[in-house]
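**Student:** turn this into a structure:
(one chain, ligands or ions: 1)
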Amino acid sequence: MNNRANRGAPADFVARHVRELPRSGIREFFDLVQGQPDVISLGVGEPDFVTPWHIREAAIYALERGRTSYTSNLGLLKLREAISRTVQRRFGVTYDPRREVLVTVGVSEALDLALRAVLNPGDEVLYHEPCYVSYSPSVALAHGVPVPVPCLAEDGFAVRAEAIAARLTPRSRVLVLNFPTNPTGGTMDRAGLEAVAELARRHQLLVITDEIYSELTFEGEHVSIAALPGMRERTIFLHGFSKAYAMTGFRIGYACGPVDLVEAMMKIHQYSMLCASITSQEAATEALLHGDPDIAAMRESYRLRRNFIVDAFNRMGLTCHRPRGAFYAFPSIRATGLDSKTFAVRLLREEKVACVPGDAFGPSGEGYLRCCFATAQDRLEEAVDRMARFVQRL
Ligand SMILES: Cc1ncc(COP(=O)(O)O)c(C=O)c1O
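**Tutor:** Prediction:
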């Protein structure tokens, strides 16, 4: 026993790189929301739809048939085949379902596996910001160095190849992309992506593309960087079921990529996770086989709600670009003179509307607010009335 233990002081068991991780700004904010009655939450990034019935039924039927075992580490072959066909059909990229597709516990696990499989300590990972809260911590947990590349509202929150180029160093290894973007709803057109792809090829970067919102693109074609010339072999393509099929609780996603990269990810997955839940894999197979009409209906509903909330923000003087994808509005609150945390906390206290302060998505999110519009229309209308009242009082 060491001296500290002898003296009864608690030993410090937490690893340094974990202790240094900040808590998620979203979590911190939602601790405040807990227990407050009559709050309208535009905070959580989750569809307000229940998973379509035929998908839930497939899960129930699998249980009824006693399908309760482990599966292959890679996932059920019939699901991998359905993934391969869907990715080919929607994105124009071909992956071998036997060796180039790995079924994971959400995009969250897929991202973690991808980073752990490719990073050596000190490797730099570039990602556009404001971005999903997990990117920087996931890079740090994989012993990499996060390098944010700020995106601007005047570019529709697309990332400029020049901005990436300006942050390259000899340690740059990976570029993470997420279009449409959480939290901005930003998208990239083909020309912009081609410039980024050219940079990735020239500088030998591996690209990890998080396609989780791609089906929720309201205008323009969605292009995946994996489909551009020379990119398939240097891209890990991540996708999942949480957003497009309203299946967050099933915890199911997948990664596609060249054999050696999928094999490396599979090695970590087999020792840490073994496989994704078979019930969720059965449900996901049904989603891919028969879920296209569900996606179309939900997307249209989000599109109408987007139009409503973006117009409302602009009317109340909070400049808001019209997101072309995902289900988040990202209005600027700069005109109010408040910082994003103060704005969000006061809005919650004074009008009981919960939105996430933009700085939760990285320093370049300061001056903005993330408002998830996957919320019932009558709640959205009430939230917007309360926010207008709040802004007027400031
Ligand atoms: C950009 C992005 N990637 C990944 C995830 C996590 O997805 P999953 O539920 O598949 O783990 C989210 C969830 O909000 C997200 O917004």
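
**Student:** which parts of the protein are helices?
**Tutor:** Secondary structure of the chain (DSSP state H): helices at 3-7, 16-19, 25-33, 53-64, 77-91, 106-118, 135-141, 161-165, 190-202, 259-272, 278-290, 292-315, 340-351, 377-393.

**Student:** and the third one, what's buried?
**Tutor:** Counting neighbours by 16 or more other C-beta atoms under 10 Å, one finds that the buried residues in helix 25-33 are 25-26, 29. In this view, the C-beta of every residue, glycine as well, is placed from N, C-alpha and C.

**Student:** same thing with stretch 267-284?
**Tutor:** Residues 269, 275-284 are the ones in stretch 267-284 that count as buried (16+ other C-beta under 10 Å).

**Student:** what do you get for stretch 222-231?
**Tutor:** 222-228, 231.

**Student:** likewise stretch 352-363?
**Tutor:** 352-362.

**Student:** mind listing what residue 355 touches?
**Tutor:** Neighbour list for residue 355: 42-43, 344, 347, 369-371 [criterion: C-beta atoms under 8 Å, 6 or more residues apart in numbering].

**Student:** and the furthest pair within those?
**Tutor:** Of all pairs drawn from those, the greatest distance, 12.5 Å, lies between 347 and 370 (C-beta to C-beta).

**Student:** can you count the residues close to the residue in the stretch 51-200 of the chain that the ligand sits nearest to?
**Tutor:** The ligand sits closest to residue 106 of the stretch 51-200 of the chain, with a gap of 2.6 Å, by C-beta to the nearest ligand atom. Counted with other C-beta atoms under 10 Å, residues neighbouring residue 106 total 22.

**Student:** tell me how far the nearest residue to it once chain neighbours are set aside lies from residue 163.
**Tutor:** Excluding the flanking residues, the one nearest residue 106 by C-beta to C-beta, 6 or more residues apart in numbering is residue 253, at 4.5 Å. Here residue 253 is placed at a distance of 28 Å from residue 163 (C-beta to C-beta, to the nearest Å).

**Student:** how about the residues of this protein near the ligand?
**Tutor:** 45, 106-108, 132, 178, 182, 210, 212, 240, 242, 248, 253 (C-beta under 6 Å from any ligand atom).

**Student:** would you list the phi and psi of residue 205?
**Tutor:** Here is the backbone geometry of residue 205 (degrees, to the nearest 10): phi -90, psi 140.

**Student:** tell me the contacts of it?
**Tutor:** Shown in contact with residue 205 (C-beta under 8 Å, 6+ apart): 126, 172-175, 199, 234.

**Student:** out of these, which are inside strands?
**Tutor:** Among these, the members found in strands (DSSP state E) are 126, 172-175.

**Student:** make CSV from those and add neighbour count and pLDDT to it.
**Tutor:** Output for the ones in strands among the contacts of residue 205, formatted as CSV (neighbours: other C-beta atoms under 10 Å; pLDDT from 0 to 100):
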residue, neighbour count, pLDDT
126, 28, 98
172, 18, 98
173, 18, 98
174, 23, 98
175, 28, 98
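
**Student:** that'll do, ta.
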